[in-house]
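>>> sequence plus predicted model, see below.
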Amino acid sequence: RWQVHTGASVKNSAAVDLKGRCALVSVSGRVWLLDAATGDEHWVVDLPGYPDRWVYISPVVADGAVYAGAKAGYGKYDLSTGEQMWYAPLDSLDAFPFCATPLVFEEVLIVLQQGRGLLALQQGTGEIAWERELGVGYQYGAPVLAADLVVSGGDPKCLVALRAHTGEMVWNKEVLEDYPSGLAASGERIFASTPGGRIQCF
């Protein structure tokens, strides 16, 4: 139906809102907002550090904004205009490409930062609202929301649950044979897959 040349590959999924606006980011750090039905371009912006980024993470569309970035940092962009509302640097570079898409929960953007842990950035300013140190690697699957809890891989073989508002640790259990390569949550159940080919439900 349509084709758009991005100049560099897109390493993860696009994010599409209810109005059919499609946000995607290239591995080199260029962000597009397109019409999902026609491919027409609404706007294009470059993340700080473009074209030397290594972005394997999907953008997120929420509350009139696009959130895009990777280990080196994330930016918030106005959904209508592409104007950068803030940029939060988190590391010097994006080495060891990471695929864990951030979560939007009320007033925060929650990101899994390899070698560091879970961080929540204020949606209004990009400032760190809370941070929880965890022994997470670049292979980890994205954290998921279960009501007001963030469920994530933690130290090797562990799953953790934190309060999304505050980062307070609710539980931390060694229940896996390896790190979680994928996570999902439904109702009171958490599903975790591991690199060895096992899926567990808790």
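Yep, it's here.

>>> tell me the average confidence for stretch 162-181?
Mean pLDDT, computed over stretch 162-181, is 96.

>>> buried set for it?
162, 164-165, 167, 176, 179-181 (16 or more other CB atoms under 10 Å). Yep, even glycine has a C-beta here, placed from its N, CA and C like the rest.

>>> for Phe98, give me the pLDDT.
Reported pLDDT at Phe98 in the predicted model: 82.

>>> any chance of the buried residues of stretch 162-181 in a markdown table, plus secondary structure?
Shown next, in a markdown table, are the buried residues of stretch 162-181 (DSSP: H, G, I helix; E, B strand; the rest coil):
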| residue | secondary structure |
| --- | --- |
| Leu162 | strand |
| Ala164 | coil |
| His165 | coil |
| Gly167 | coil |
| Leu176 | coil |
| Tyr179 | coil |
| Pro180 | coil |
| Ser181 | coil |
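
>>> against Ala129, how distant is Pro59?
Using CB to CB, to the nearest Å, Pro59 is found at 20 Å from Ala129.

>>> of these two, which one has the most company?
Legend: neighbour count by other CB atoms under 10 Å for Pro59 and Ala129, higher for Pro59 (25 against 18).

>>> for that one, which non-adjacent residue is spatially closest?
Of all residues not flanking Pro59 in the chain, Ala68 sits nearest, at 4.1 Å (CB to CB, 6 or more residues apart in numbering).

>>> and if you look at Ala185?
Ala146 (4.0 Å).

>>> pretty sure that neighbour contacts Ile190?
Yes: proximity of Ala146 to Ile190 meets the contact threshold set by CB atoms under 8 Å, at 6.5 Å.

>>> so between these two, which is more surrounded?
Between Ala146 and Ile190, counted using other CB under 10 Å, Ile190 has the larger neighbour count: 20 against 17.

>>> how near is the more buried one to Tyr50?
According to CB to CB, Ile190 and Tyr50 sit 37 Å apart.

>>> then Val27?
Shown here: Val27 relative to Tyr50, a distance of 10 Å by CB to CB.

>>> so which of those two has more stuff around it?
Val27 (19 against 16).

>>> contact partners for the more buried one?
Taking CB atoms under 8 Å, 6 or more residues apart in numbering as the criterion, Val27 is in contact with 8-11, 53-56, 97.
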